[in-house]
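A.B. asks: take a look and give me a structure for this.
(one chain, ligands or ions: 1)
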Amino acid sequence: MSAEDPPPAAHRTTEDRSDAGEDAAALAYPNIALVKYWGKRDERLVLPWTSSLSMTLDTFPTTTRVRLTPRHRQDTVTLNGKPLDGEPLRRVVAFLDLVRETSGRPARAVVESHNTVPTGAGLASSASGFAALATAACAAYGLHLDARALSRLARRGSGSAARSVFGAFAVWHAARTGHQDPDLDSFAEPVPVRLDVLDPALVIAVVDPRPKPVSSREAMQHTVNTSPLFRAWMASSRADLVEMRAALHGCDLDAVGEIAERNALGMHAVMLAARPAVRYLSPASLTVLDAVLELRRDGVSAWATMDAGPNVKVLCHRAEAGRVAGVVRAAVTADSVHVAGPGPGARLLGDSS
Ligand code: PMV
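C.D. replies: Below you'll find the model as predicted:
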């Protein structure tokens, strides 16, 4: 037994028992934005400049267990069995501090998280990670939040996590300018889409599973601060969102794909114009983009999107996902190619004790 382990139950005081043993586990899936979030107007509250819209996937879930340990003086966090340290640990502890402040319970916690997606490679591991952490931590600390409030909380861990609270398609609202409490006004909510008609899939080409050299947090702030294209990006992304909602409402996959691809390229353009440039795309990413163009020339509805990393996700009809995956696999020596459909929102897992 280490110095920080609690004494056996028989030796615990009533006070120990009152807040010991709170234990919860949750599961959340990553989401891929079709209209991207790139740039914060408030770093502390994680408020974006523009609203974004995404599809939550049915692959690569994160499961996270949070156990309160009132006798510990520090939080312990492991990811895939390895202890976190440095900036990743600081982010999780800051998030738990927020949960402690909101719940009024000061207990430290042991957090065990398991990611099935490569971490930090632009495959939205922070979205599933913080959505699962928010869901599990709320249950462990006895915070009863509705889905909107949970989404606002997850946002504080990682902006895109606000959207993974919900399944399928979700929009994350930037707070309206002039709103008296922008924190309350920035949350995600579901976008109703007839999935049987739209029939969407994302073919994920993992061309490089290594963690990105620059975090999205750092890169987006650098873009806001130095890219002369930032204003133009905001204006075009806002227009894209309006068109995207109409395209989803009309179940028009070609329109959805066209808007998603141009929005992603616009996001990479605004960061390429930053000084110095932020470049996440690699030659392999461009090869996949060429393959996607070729597929379209052959009459296949296939459209690409890329996040803060070189990996490419190709939106297509589920019925054609096998063909798209084959073409992408042949084009690059992709480490792996996966097919994802729309997945569920974050949820608590059964009793984990
Ligand atoms: O939530 P973050 O800090 O991981 O930022 C995500 C940014 C993008 O994935 C590039 C775009 C998005 O909207 O998810």
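A.B. asks: Ala161 contacts Thr135, correct?
C.D. replies: No. Ala161 lies out of contact with Thr135 (C-beta atoms under 8 Å); the separation is 10.1 Å. Every residue, glycine included, has its C-beta placed from N, CA and C.
A.B. asks: who touches both of the two?
C.D. replies: Ala28, Ala154 (C-beta atoms under 8 Å, 6 or more residues apart in numbering).
A.B. asks: those two: which has the busier surroundings?
C.D. replies: Neighbour totals were compared for Ala161 and Thr135, and Ala161 leads with 31 against 28 (other C-beta atoms under 10 Å).
A.B. asks: list the contacts of the residue most central in space within the chain.
C.D. replies: With distances taken as C-alpha atoms, centre = their mean, Ala127 lies nearest the centre of the chain, 2.1 Å away. Going by C-beta under 8 Å, 6+ apart, Ala127 touches Ala28, Pro30, Asn31, Ser158, Ser160, Ala161, Arg163, Ser164.
A.B. asks: let's see it at 7 Å
C.D. replies: Contact partners of Ala127, counting by C-beta atoms under 7 Å, 6 or more residues apart in numbering, are Pro30, Asn31, Ser158, Ser160, Ala161, Arg163, Ser164.
A.B. asks: tell me, how many neighbours does Thr226 end up with?
C.D. replies: Neighbour count of Thr226, defined by other C-beta under 10 Å: 15.
A.B. asks: what does Gly178 give?
C.D. replies: Neighbours of Gly178 under the rule other C-beta under 10 Å: 6.
A.B. asks: how about it, phi and psi?
C.D. replies: Dihedral angles of Gly178 (phi, psi; degrees, to the nearest 10) stand at phi 90, psi 0.
A.B. asks: surely the residue nearest to the centre of the chain forms part of a helix?
C.D. replies: Yes. Assignment of Ala127 by DSSP: H, G, I helix; E, B strand; the rest coil places it within a helix.
A.B. asks: how close does it get to Thr102?
C.D. replies: According to C-beta to C-beta, to the nearest Å, Ala127 and Thr102 sit 21 Å apart.
A.B. asks: can you tell me which residues contact the residue nearest to Ala134 when sequence neighbours are not counted?
C.D. replies: In space, and not counting its chain neighbours, Ala134 is closest to Ala154: 4.0 Å by C-beta to C-beta, 6 or more residues apart in numbering. Ala154 sits next to Phe130, Ala131, Ala134, Ala161, Ala162, Val165 when contact means C-beta under 7 Å, 6+ apart.
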